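S.K.: Below are the sequence and a predicted model; questions follow.
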Amino acid sequence: MLLALGVICFPFVRDYLGPDFSIDQIWLLFIPLIVYVQDPGQRSLRYGWLAGISLLAYLILGAHVFAYFAACCTIFLILESQLGKLNELSAVAVILITPAVTYVFDIFGFPIRLKLTQIAVGILNIFGDQAIAQGNFILIDGMEYSVDAVCMGLNMVVTGLIITLLLIVFYEKRQKRILPRMLILFTLVLTFGLVIIANLFRIVALVITGFPPDSFGHELIGLSSLGLVVVLPLWFLIEQVVRRKGQQAIQKEPKTLHQGWKYGLPVVLMMILIWVRVDIQSQKKWPQDERYEQIQLPGFQKETLPLNIMRFTRRNVLVYLKPGNGAFRRGHHPAVCWSGGGYEITREEVLEVNGHQIVTAEIVSDSERLFTAWWYDNGEYITVDQFDWRWRVMRGEADFWMVNVSSPDPERLMVEIGYLMEERGFLP
């Protein structure tokens, strides 16, 4: 059964994590150190019910992340129904390695970086420096310092959380005690807070020292911030919390399951997963929506891409119109799409144009520099806030389009932004 399960679930994990093994997925190597059988012989079906709920959420919302969770829960169901209950950190570990976490920090990390920039400027000014915050840049003595995606990005946050999980497992096994769920949650929240403080310390230290990106000093400050502010306090704190608040590990009597549930539920879930896999593959060949064929921008050449994305081009201007996928699916965010195309996003800033907020940035590759701007528009309301547009869609408002316009000329970019703001009737 484990072999059959692996054959069925592997495509979900492979497709969802992506074809290329990257630093975002290296934490897979730590899963065997975090996940272990905590109660041997205590067989359980709890992950079976979680798999069923995840599949139901996939059917209702259509978000692929729920299919991934269902596949992972089915794997854990087989392990728990055959060997015994896994530790409480198993589910946390699965969540942390998903690209959904990557997406969350890529997108929602932007407002945190803006706030960190403002706080860092306040600290620098206390010490007498004349620092100014401009978007995610700090201007001081004619020099610019970027608070880029590495600050409050995936690597540092997930590194801190994975270290926390490893420390919890280490002390649980060493002291033969189990940390209660609420204390696990508290420890993870505390870790996130310490990572924010570490990033603030890192930003201020880099501005003061002036170490350039990719230099040894730059990396040393990053590692020192993580070690001194996050790892060192947690090393002592977790040991004390497990010792004083951890529950004594008790060997429980074996618990058996009815053979029908033990083998029947995994088989049913695997059959449903096969159908879900076919459904996901069919979505990659999703037909073009005829309503979108009528969308035109005067003076632009139009090209329709997969997933009903439209690309409009004319001299020195590139416009992408990307339809919404509901409140619970990934948006076509430029920070993700441009990065996937080999560009680095810098100088992110929120501006107000014609009474509406937009995000502007520079995107740089080895051979090109573009100025870009984006916002979400449903024909009646414009926003750049991820929570805002998703909440409005959940309340029944029309779905939001991602509008992304780019140009090598910043002045031309602002002209095109004004045009698109005025000619919003092109949206269906």
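M.R.: Alright, I've got the coordinates.
S.K.: Where do the strands of the stretch 201-350 of the chain begin and end?
M.R.: 247-248, 301-304, 310-314, 317-322, 344-353 (DSSP state E, counting those that start in this stretch).
S.K.: Return the mean pLDDT over the longest one, rounded to an integer.
M.R.: Translated: strand 344-353. Averaged across strand 344-353, pLDDT comes to 84.
S.K.: and what of stretch 37-49?
M.R.: 86.
S.K.: Flag every buried residue along it.
M.R.: Neighbour-count burial for stretch 37-49 flags Val37, Gln38, Asp39, Gln42, Arg43, Ser44, Leu45, Tyr47, Gly48 (criterion: 16 or more other Cβ atoms under 10 Å). All C-beta spots, glycine's among them, are computed from the backbone N, C-alpha and C.
S.K.: Can you pick out the ones from those that are in helices?
M.R.: Of these, the ones assigned to helices by DSSP state H are Tyr47, Gly48.
S.K.: before we move on, back to that, of all the strands of the stretch 201-350 of the chain, which one is nearest Asp409?
M.R.: strand 317-322 (8.7 Å; Cβ to Cβ).
S.K.: hang on, the earlier thing: out of the strands of the stretch 201-350 of the chain, indicate the one that is most buried.
M.R.: strand 317-322 (a mean of 21; mean count of other Cβ atoms under 10 Å).
S.K.: Tell me if Ala133 really is in a strand.
M.R.: Yes. Assigned with DSSP: H, G, I helix; E, B strand; the rest coil, Ala133 falls within a strand.
S.K.: Report the contact partners of it.
M.R.: Contact partners of Ala133, counting by Cβ atoms under 8 Å, 6 or more residues apart in numbering, are Thr117, Gln118, Ala120, Val121, Leu139.
S.K.: how about these in CSV, adding distance to Met421 and pLDDT?
M.R.: Converted to CSV, those look like this (distance: Cβ to Cβ, whole Å; pLDDT from 0 to 100):
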residue, distance to Met421, pLDDT
Thr117, 27, 82
Gln118, 27, 83
Ala120, 32, 85
Val121, 30, 85
Leu139, 28, 77
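S.K.: hmm, back to that, of the buried residues of stretch 37-49, just say which sits nearest to Val195.
M.R.: Comparing those against Val195 with Cβ to Cβ places Gln38 closest, at 27.2 Å.
S.K.: Might you list the low-confidence residue ranges for the stretch 1-150 of the chain?
M.R.: Along the stretch 1-150 of the chain, the model assigns pLDDT under 70 to residues 1-28, 97-110, 128-129, 135-136, 142-150.
S.K.: which residue ranges form the helices in it?
M.R.: Secondary structure of the stretch 1-150 of the chain by DSSP state H, counting those that start in this stretch: the helices cover 2-17, 31-34, 46-61, 64-82, 89-96, 99-126.
S.K.: circling back: wait, which of the strands of the stretch 201-350 of the chain is closest to Tyr381?
M.R.: Across the strands of the stretch 201-350 of the chain, closest to Tyr381 is strand 344-353 (Cβ to Cβ), at 14.9 Å.
S.K.: Packing partners of the closest one?
M.R.: helix 99-126, helix 334-340, strand 356-364, helix 410-422 (3 or more Cβ pairs under 8 Å, 6 or more residues apart in numbering; DSSP states H and E).
S.K.: how about those in a markdown table, adding mean neighbour count and distance to Glu239?
M.R.: Output for the helices and strands packed on strand 344-353, formatted as a markdown table (neighbours: other Cβ atoms under 10 Å; distance: least, Cβ to Cβ, whole Å):
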| stretch | mean neighbour count | distance to Glu239 |
| --- | --- | --- |
| helix 99-126 | 18 | 27 |
| helix 334-340 | 18 | 38 |
| strand 356-364 | 19 | 43 |
| helix 410-422 | 16 | 53 |
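S.K.: and Ala70, which of the ones you listed is closest to it?
M.R.: Nearest of these (Cβ to Cβ): helix 99-126, 13.7 Å.
S.K.: what does stretch 72-86 contact?
M.R.: So stretch 72-86 is contacted by 1-2, 5, 9, 13, 35-48, 50-51, 54, 90-91, 94, 257, 261-262, 265-266, 269-270, 273 (Cβ under 8 Å, 6+ apart).
S.K.: List the buried residues of it.
M.R.: For stretch 72-86, burial by neighbour count (16+ other Cβ under 10 Å) applies to 72-81, 84-86.
S.K.: Nearest to Asp377, out of the strands of the stretch 201-350 of the chain?
M.R.: strand 317-322 (9.3 Å).
S.K.: name the helices or strands packed onto the closest one?
M.R.: Strand 317-322 packs on strand 310-314, strand 401-407, helix 410-422, going by 3+ Cβ pairs under 8 Å, 6+ apart.
S.K.: on that earlier part again, mind picking the two most distant members of the contacts of Ala133?
M.R.: Of all pairs in the contacts of Ala133, the most separated under Cβ to Cβ is Gln118 and Leu139 at 12.7 Å.
S.K.: just for the stretch 251-400 of the chain, where's the confidence low?
M.R.: Applying pLDDT under 70 to the stretch 251-400 of the chain flags residues 254, 281-291, 327-332, 340.
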